[in-house]
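# Return a 3D structure for these sequence lines:
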Amino acid sequence: MAIERKGIFGWCIIFLVVFLAVVVRFVRLDKVPSAVYYDEIDMGYQIRSLLTTGRDYRNGLSPFYFRSFNTDKTPLPIYFSVIPSLLFQSPEYQVRAGAALAGVLCVVLAMYLVYQLTGKRLAVIVTGLVFAFSPWQIQFSRMAFEAIFMLMIFMASISIFLYWYKTKKLWAFYLSALLLGLNVYTYRVMSLFAPLTVMILLAIYFKDFWKEGLKRIFIWLFIFSALFLPFMYATTIGSADQTRIGQISIFSDPSIPIKVMRDREAASNDFNNPEIGKRPVWWSFIFHNKVVSYVTFFGHNYYKTFSSDFLFLTGDPNGRHSAKDTGIMLFVDVIGLIVGLLVVIKKIKDKNYQLLLALLLLTPIPADLTMDGANHASRLIIMAAPLLLIVGLGYTRLIEWFHINSKFRVGVVMLVGVWLIAVSFYLQKYFVHFPIENSRQFGYGYKQVIDGIEKVKDQYLSIKLTDQNDPPMLYYLFWANIPPRDVQVYGTNFEEGLVKNLPLDGVKPHRWETKVCNMEEIAKLDLHTIYMVAYKDLPLDFRSEDKDEIPTGIKLIDVIKYPDNEVAYYLITRDTKDGMPVMPVKLTDYQARRCSN
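Predicted coordinates for the structure are as follows:
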């Protein structure tokens, strides 16, 4: 009976961990992050289009991609998010619910994976907590981006493979190949790492594969290839859009050939000779060439990926990918990581631990082959699986050691206390500071602008939206609830001057030639048009009457402010008197100075 109670208690703790993961991923999902940014809007509008028309919003239908304004989007995150989106009324929750659910499943899969490695319930609970409160996991579980879906499918494929390795059940063998093939349908970096994962598994578990026989191995490889190869063809050779990897790869860096030339000039020690660099000394070819430069570039990236700056101190410089001055891991996780690595090394004869170490060392490769990939948290997120599993193993080993050595049991209290402090500081940083400090990176203001436009749009004939920050049309289509079928008919070309005699003709993105407060620009304003203007376009402060004076000729409709109360956008039109446009007058010296900057 005591054993049964202990088992029930253990399961209750496991369910509590999962519940905490749900809470930290779903609570205030519409407020933190503070706005739904461009890529999230794209996913949300694709989900809306799929539900209402059965096709993407560009009227395409492909199992390999959803065609967006400028790029092709991987399909699995969109398909996965459809059902969770139906459970909520809030547009923000509809967009992000799929990612939040994927984040919870990552926690569950991590708990299962560590159980496959150790068979210990303590390791399951500890690793579940590590994943549930990981800054890396929380960050990407609360925004509708492909990264967390990639991690979910990747962890599922590894866990099913390890289940086959233990049980030798044939269905698990083939299902692992299916899931490995599906990885490429989540995020583009898997186009490289999915086949690399297959090679890692074949190398480490070769004898186990061989025991299945050539026929089953062939079927396993065929299942993977049948999913992988058509996707690669459809998104590269068969795609009308240039692949993203071609734009960000280190092999596309235009500075490398120039650097090689300059290094050869330096090796020749004659900068005044115009032929130097074209005919350098013979030995400079050995030290200065593209191959050496690419390898060096990759090496620098790989080193920075494992740096303390990225892991524990500053994280990703992209404000969408990590909170300010916060690593992608908790600072206290360095303890679990060091001890965990010792555990892995001690058990390295076990093939499963060989796989864990191989994944830790090789998962950064796809990201580090891109120009800014060294600290790009989304491209590197598959590294979170082995890294956080090792942290969980390390914490577990420490707790076991403290428990065995009774005079050090206070160490458990201290470790838990420091970990709770680290978690508390991170959650406070993320839920309180992050929505304010990083609102600009998430496109804050577009929803508020479009809500304001919707209230008064019947009074105007056309709408012009500044493209000073993000491309505005997708925000308008989503927040104004334009039916995706209308976009399928109209197309995604909204350039000014294009007229198709359809309702969407009245909405256009707009680029201001000069500051809007200049007399020439004011004179061009149309009294039948409502304009969305960024503060950069109109650098005067109209937040209250004691601030800047509104230039003559401009009618202010609304002021949209960031969460820190700074001006984000204005809604303006041409001012009128007795139905006639008010003519602009010469600016004051103060206005002229502000508008000339």
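
# tell me how far the host helix or strand of residue 93 is from the chain's mean position?
Counting by DSSP states H and E, the element that carries residue 93 is helix 91-118. Put simply, helix 91-118 sits 16 Å off its chain's centre (Cα atoms, centre = their mean, to the nearest Å).

# What of stretch 215-231?
29 Å.

# What are the buried residues along it?
For stretch 215-231, the neighbour count (16 or more other Cβ atoms under 10 Å) marks 217, 219, 220, 223, 224, 227, 228, 231 as buried. From N, CA and C alone the C-beta is placed, and that goes for glycine too.

# Closest one to residue 188 out of those, please.
Of all the buried residues of stretch 215-231, residue 188 sits closest to residue 231, with 10.4 Å by Cβ to Cβ.

# isn't residue 427 right up against residue 27?
No - using Cβ atoms under 8 Å, residue 427 is not in contact with residue 27; the gap is 10.6 Å.

# Can you list the low-confidence ranges for the stretch 1-150 of the chain?
1-6 (pLDDT under 70).

# which residues of the stretch 251-400 of the chain fall in helices?
For the stretch 251-400 of the chain, helices defined by DSSP state H, counting those that start in this stretch occupy the ranges 255-268, 284-287, 290-305, 308, 333-346, 351-362, 365-368, 384-404.

# Compare these and report which one is nearest to residue 54.
helix 365-368 (32.8 Å).

# Tell me which other helices or strands the closest one touches.
Applying 3 or more Cβ pairs under 8 Å, 6 or more residues apart in numbering; DSSP states H and E, we find helix 365-368 packed against helix 190-204, helix 290-305.

# And for it, what's in contact with it?
189-190, 192-193, 196, 298, 301-302, 305, 373-374, 376, 379-380, 383 (Cβ atoms under 8 Å, 6 or more residues apart in numbering).

# quick one: low-confidence parts of the stretch 351-500 of the chain?
Across the stretch 351-500 of the chain, nothing is flagged by pLDDT under 70.

# The stretch 201-350 of the chain now?
Short version for the stretch 201-350 of the chain, where the test is pLDDT under 70: 238-247, 269-280, 282.

# and with 80 instead?
236-248, 250-255, 258, 260-288 (pLDDT under 80).

# part of a strand, is residue 586?
No - secondary structure of residue 586 (DSSP: H, G, I helix; E, B strand; the rest coil): coil, not part of a strand.

# Could you check how far it is from residue 9?
Residue 586 sits 79 Å away from residue 9, going by Cβ to Cβ, to the nearest Å.

# what does residue 186 give?
37 Å.

# More neighbours: which of these two?
residue 186 (25 against 11; other Cβ atoms under 10 Å).

# Out of the buried residues of stretch 215-231, which is nearest to residue 167?
Distances from residue 167 to those, taken by Cβ to Cβ, are shortest for residue 220, at 15.8 Å.

# Not counting its neighbours along the chain, what's nearest the closest one?
residue 177 (4.6 Å; Cβ to Cβ, 6 or more residues apart in numbering).

# Touching the strand or helix carrying that neighbour from outside, list them.
Taking DSSP H and E as the definition, residue 177 sits inside helix 170-182. By Cβ under 8 Å, 6+ apart, the residues outside helix 170-182 that reach it are 76, 153, 156-157, 160-161, 163-164, 194, 197-198, 212, 216, 219-221, 223-228.

# how does it look with 6 Å?
Residues outside helix 170-182 that contact it (Cβ atoms under 6 Å, 6 or more residues apart in numbering): 153, 156-157, 160-161, 163-164, 194, 220, 223-224, 227-228.

# Which of those sits closest to residue 361?
Nearest to residue 361 among the contacts of helix 170-182: residue 194, at 17.1 Å, using Cβ to Cβ.

# can you tell me which residues contact that closest one?
180, 183, 184.

# just residue 149 next, same as before
With Cβ under 6 Å, 6+ apart, residue 149 has these contacts: 77, 102, 186.

# pretty sure residue 250 contacts residue 296?
No - the pair residue 250 / residue 296 is not scored as a contact, 10.0 Å apart, by Cβ atoms under 6 Å.

# Comparing these two, which shows the higher neighbour count?
residue 250 (20 against 13).

# list the contacts for residue 42?
Here residue 42 is in contact with residue 68 (criterion: Cβ under 6 Å, 6+ apart).

# Can you list phi and psi of it for me?
Residue 42 adopts backbone torsions of phi -60, psi -50, taken as degrees, to the nearest 10.

# any idea how far residue 379 is from residue 317?
Look at residue 379 and residue 317: by Cβ to Cβ, they are 13 Å apart.

# out of those two, which sits in the more crowded spot?
Each of residue 379 and residue 317 has its neighbours counted (other Cβ under 10 Å); residue 379 has more, 25 against 13.

# just to revisit the earlier point, after the helix holding residue 93, heading C-terminal, what element do we hit next?
helix 121-132.

# That following helix - contacts with which helices or strands?
helix 2-26, helix 91-118, helix 384-404 (3 or more Cβ pairs under 6 Å, 6 or more residues apart in numbering; DSSP states H and E).

# How far off centre is the first one?
Centroid separation between helix 2-26 and its chain, computed with Cα atoms, centre = their mean, is 29 Å.

# Throw the helices and strands packed on helix 121-132 into JSON lines and include distance to residue 594, thanks.
Listed next are the helices and strands packed on helix 121-132 as JSON lines, based on distance: least, Cβ to Cβ, whole Å:
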{"stretch": "helix 2-26", "distance to residue 594": "44"}
{"stretch": "helix 91-118", "distance to residue 594": "35"}
{"stretch": "helix 384-404", "distance to residue 594": "46"}
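
# Can you tell me which of those helices is nearest to residue 146?
helix 91-118 (9.1 Å).

# returning to that earlier point: for the contacts of helix 365-368, which one is nearest residue 106?
residue 383 (13.3 Å).

# For the closest one, the count of nearby residues, please.
25.

# Which residue, other than its chain neighbours, is closest to it?
residue 363 (4.1 Å).

# The one you found contacts residue 385, doesn't it?
No - taking contacts as Cβ under 6 Å, residue 363 lies outside contact range of residue 385: 7.5 Å.

# Mutual contacts of these two, please.
Contacts common to residue 363 and residue 385, judged by Cβ under 6 Å, 6+ apart, are absent.

# how close does the closest residue to residue 209 other than its chain neighbours get to residue 230?
Nearest non-adjacent residue to residue 209, counting by Cβ to Cβ, 6+ apart: residue 217, 5.6 Å away. In this structure, residue 217 and residue 230 are 21 Å apart, going by Cβ to Cβ.
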